[in-house]
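1. Need a 3D model of the sequence below.
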Amino acid sequence: VVILSLLMYPVLRSLALQLHSAITGSYVSGTHSVAFINCLNEQIAKDIARAIMDKKLAAYVSILPKSSALYFWKGELEESTEILLLVKTRTSKIGELSNYVRSIHPFEIPEIISLPIDQGNPLYLRWIEESIPRD
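-> Numbers count the residues shown, from 1 in each chain. Next comes the predicted model:
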């Protein structure tokens with residue numbers, strides 16, 4: 001029973017949050033997230049952004065211009081320029097988004113990290129909700 005309860009917790013929590021949001025009309029912190037994905041160049045960034053949108057894994061993808069990056073790779077200090085994608089999506093889609101991007105990204109280990117959205121414009125957050133199909 002304990003194991004079943006633990007396995008059901010994410011599903012039950014999600015349903016409870018959806019019910020709370022529907023009844024109160026308020027945004028539940030963490031329902032949506034922003035994912036950060038680095039890309040080698042603008043063409044790769046556009047291709048990945050379009051693929052994410054075609055799969056309906058996000059409501060919006062911003063493509064930020066070149067930035068300089070310093071990082072360790074295989075024990076060596078590297079320097080490069082990158083393009084950053086900011087992906088606005090449901091938190092529940094982060095796992096699927098991450099798996100999909102890893103399958104199409106040319107990097108051996110692409111940066112795919114996310115942060116939950118705590119607060120924001122309620123109309124914008126509702127638009128994200130309406131733009132991405134439910135799980």
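2. Can you name the secondary structure element that comes next after the helix or strand bottoming out on mean pLDDT in the chain?
-> Taking mean pLDDT, DSSP states H and E as the measure, the helix or strand of the chain with the lowest value is helix 2-24, at a mean of 65. Downstream of helix 2-24, the next assigned helix or strand under DSSP states H and E is strand 32-39.
3. List the buried residues in that following strand.
-> For strand 32-39, the buried set under the neighbour-count rule, 16 or more other C-beta atoms under 10 Å, comprises 32, 33, 34, 35, 37, 38, 39. Where C-beta positions appear, they are placed from N, C-alpha and C, glycine not excepted.
4. Run the angle between whichever helix or strand comes after it and strand 32-39 for me.
-> Using DSSP H and E, the next helix or strand after strand 32-39 towards the C-terminus is helix 42-54. Interaxial angle, helix 42-54 versus strand 32-39 (axes from the mean of the first three to the mean of the last three C-alpha atoms, to 10 degrees): 150 degrees.
5. now for helix 42-54, which elements pack on it?
-> Counting contacts by 3 or more C-beta pairs under 8 Å, 6 or more residues apart in numbering; DSSP states H and E, helix 42-54 is packed against strand 32-39, strand 60-73, strand 76-90, helix 94-104.
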